[in-house]
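K.L.:
Fold the stuff below for me.
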Amino acid sequence: MTLTACEGDAASHTVGSLLYEQASARPDKDLLVVDDARLSFAEAERRSALLARALLAAGAGWGTRVGILYPNGPEFVVSWLAAARIGAVTVPLSTLSTRAELVSLLRGVDASFLLATATYRSHDYVDDLTTSIEDLDLSAPAPLFSPELPSLRRIIFRVEDGAEDARIGNAWSSEALLRHDEAVGPDILAAAERSVSPSDDMVIVHTSGSTSQPKGVIHTHGALIRHLEVLNRLRRYDSEEILFSNSPFFWIGGFAYGLLGTLVAGGTLLCSNAPSPGALDLLERERPTMVNGFAASVTQLAQDPTFPARDLSSIRRGNLYPIMPPETRPSDPELRHNMLGITEAGSVCLASDDEADQPERRRGSFGRPVPGFEASVRTPSGEPCERDQIGELYLRGPFVMEGYVGRERCECFDAENWYHTGDLVSVDEEGFFYFHGRADDMIKTSGANVSPREVEAAIAEVAGLNAFVVGVDDPNRDQIVAAVIRAPDDPSSGVDVEVLTSHLRARLSSYKVPSRILVVTEIPTMSSGKIDQRAIQAMLSGPEVET
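P.N.:
Numbers count the residues shown, from 1 in each chain. Sure, this is the predicted structure:
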């Protein structure tokens, strides 16, 4: 398949005009289904118009940064569309954030508005924010003036299921905000929408912050929409498809590859916030044709007692292999092209349109650069690498981010406009890319470099176990290769470390075989959902099993 970055579809390249076109073409079709909640294209347009008018009346407008603290669902989508329509810049916030992280994120992007759910799962955001922001008094009139968050003026809480929360005064509720929409007529909204151009900032998505503080990544309307047009052609996502995704909207995969991609395609996006039986009910009822996201997080669905009797035959393709019909799964996941997505690239930057099992020589392939990206593999000194030589992935092109919040462009790009991703890759003679991990994750042992991903893939291949591999400081070898392995859910099937090590020695060079292995029931994660590497290293520096 031959694709170019800017060819093809005549879709408009601002969110507002794209929404209007899709709502006019397919008004009654579902844009989003989340468990029992549904949002059609027409309803998304109508509800976001009312909220957009209310935001304008409250003082938001072009360039205003609007935080959104909602789980995947209609409220997130309506809030995003409303802000984007008037030229405001949406800032999705992780529902996993702690109190301190929320305040830090809001301060870092100079958010003026925050649209938030009052509670979600174990989180009470009303308590979190009132406890963390000394000057926030929800019984007093808005706006907020706080030295801690000098730009933040309004927090608008929505209480789920129409319940009341006595802590939230009238001025701080979504119902009160929406009453302001009558102060701004449709003509003013239309004028605000006309002022938005494809080159305007549309969203600030934060990196997950697994090895450093989260960075706010800026993407524009036109670049991100054009990028998703290309990706949709690559994955054959059109208005006839129904996509199930388990990626949260506050990360780039859920926001761009899932939500924005669905708006561009005119398709339907399915998500679930329910435990296993409810999510399976959704899949069986709504009949998705495609699935995408994090395979590890759907393993519990395949382990549900009702799973064998479920009819999921509608799923034709995707990467959530545990829940896909047997005939659509790969014979070996490492023989299917993977894809590399990063926040700075607006989601996927390495991929392939070939969804079939690949020959053995392409084991572990991540495809080729997506049209719109120029890619180069460089040595630490910045020189181009030879074929099959591992180096850092550099990217440039129209879909790469505008930059990071609060940083000059020279801090984000080099003099030739390359973005240095920090990802280690190699390229074979056919031009296929292979991912070897992060540059700062590479293990240096006795003068040799070891890719954690290679060792993790070997453990998965020989034992079918999820592992996380790190380097642990060692006075004699600089570092040693160490692994934390998640024990099987079935207590009767234990992990025999000696047998595993024997199998790994037949698969890997001796210096790559972990010399320290720890078996745990759960691998620790951070509030972002990413693996907590510091906790892993601390565990491996304590009592261990030496092999």
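
K.L.:
most remote residue from this protein's center?
P.N.:
No residue in the chain sits farther from the centre than N476, which is 39.4 Å out by Cα atoms, centre = their mean.

K.L.:
If I follow the layout properly, R368 ends up in contact with G431?
P.N.:
Yes: counting by Cβ atoms under 8 Å, R368 does reach G431; the two are 5.6 Å apart. (Glycine included, C-beta is placed from N, CA and C.)

K.L.:
who's more crowded, the two?
P.N.:
Higher neighbour count among R368 and G431: R368, with 18 against 11, using other Cβ atoms under 10 Å.

K.L.:
Mind listing the residues bridging to that one?
P.N.:
A351 (DSSP bridges).

K.L.:
Now for Y120: which residues touch it?
P.N.:
Listed by Cβ atoms under 8 Å, 6 or more residues apart in numbering, the contact set of Y120 reads 70-71, 95.

K.L.:
Look up how far C271 lies from it.
P.N.:
Per Cβ to Cβ, to the nearest Å, Y120 is found 14 Å from C271.

K.L.:
L189 now?
P.N.:
L189 is 28 Å from C271, by Cβ to Cβ.

K.L.:
Next one: the residue farthest from the centre of the chain, what pLDDT does it get?
P.N.:
Note for N476: predicted pLDDT of 80.

K.L.:
and it, what helix or strand is that in?
P.N.:
Using DSSP states H and E, N476 sits in no helix or strand.

K.L.:
List phi and psi for it.
P.N.:
Main-chain torsions, N476, degrees, to the nearest 10: phi -100, psi -30.

K.L.:
who touches F366 in this structure?
P.N.:
Contacts of F366 by Cβ under 8 Å, 6+ apart are 337-340, 350-351, 425, 432-435.

K.L.:
Out of those residues, which one has the weakest pLDDT?
P.N.:
pLDDT is lowest at F435 among the contacts of F366; the value there is 93.

K.L.:
what helix or strand is I156 on?
P.N.:
Here I156, judged by DSSP H and E, is contained in strand 154-158.

K.L.:
Show me what that strand is packed against.
P.N.:
With contacts taken as 3 or more Cβ pairs under 8 Å, 6 or more residues apart in numbering; DSSP states H and E, strand 154-158 sits against strand 113-117, helix 125-132, helix 174-178.

K.L.:
The first one - contacts with which helices or strands?
P.N.:
The contact analysis (3+ Cβ pairs under 8 Å, 6+ apart) places strand 113-117 against strand 65-69, helix 74-85, helix 125-132, strand 154-158.

K.L.:
go again using 7 Å as the cut-off
P.N.:
On a contact count with 3 or more Cβ pairs under 7 Å, 6 or more residues apart in numbering; DSSP states H and E, strand 113-117 meets strand 65-69, strand 154-158.

K.L.:
Just the buried residues of the top helix by length along the chain, please?
P.N.:
In the chain, assigned by DSSP state H, the helix with the most residues is helix 41-57. Residues of helix 41-57 classed as buried by neighbour count (16 or more other Cβ atoms under 10 Å): 41-45, 47-57.

K.L.:
which residues of the stretch 401-547 of the chain fall in helices?
P.N.:
Assignment of helices within the stretch 401-547 of the chain using DSSP state H, counting those that start in this stretch yields the ranges 409-412, 452-463, 497-507, 533-540.

K.L.:
Switch those helices over to JSON lines; also include mean neighbour count, distance to S276 and mean pLDDT.
P.N.:
What follows is the helices of the stretch 401-547 of the chain, written out as JSON lines (neighbours: other Cβ atoms under 10 Å; distance: least, Cβ to Cβ, whole Å; pLDDT from 0 to 100):
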{"stretch": "helix 409-412", "mean neighbour count": "12", "distance to S276": "41", "mean pLDDT": "94"}
{"stretch": "helix 452-463", "mean neighbour count": "19", "distance to S276": "23", "mean pLDDT": "88"}
{"stretch": "helix 497-507", "mean neighbour count": "15", "distance to S276": "29", "mean pLDDT": "91"}
{"stretch": "helix 533-540", "mean neighbour count": "17", "distance to S276": "26", "mean pLDDT": "84"}
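
K.L.:
so which of these gets nearest R516?
P.N.:
Distance to R516, taken as Cβ to Cβ, is lowest for helix 533-540 among the helices of the stretch 401-547 of the chain, at 5.8 Å.

K.L.:
what's the closest one in contact with?
P.N.:
210-211, 468, 470, 472, 482, 484, 516, 518, 524 (Cβ atoms under 7 Å, 6 or more residues apart in numbering).

K.L.:
What's the PyMOL line that selects buried ones from those?
P.N.:
Selection of buried members from these for PyMOL, criterion 16+ other Cβ under 10 Å:
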select buried, resi 210+468+470+472+482+484+516+518
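
K.L.:
Kindly report the domain assignment for the chain.
P.N.:
Domain assignment for the chain by automatic domain parsing gives 34-220, 442-546.

K.L.:
winner for burial among the ones you listed?
P.N.:
Across these, averaging neighbours per residue (mean count of other Cβ atoms under 10 Å) puts domain 34-220 on top, at a mean of 19.

K.L.:
For that one, measure first residue to last.
P.N.:
In domain 34-220, first residue to last residue: 27 Å (Cα to Cα, to the nearest Å).

K.L.:
Per-residue confidence, D532, what does it come out as?
P.N.:
D532 is assigned a pLDDT of 79 by the prediction.
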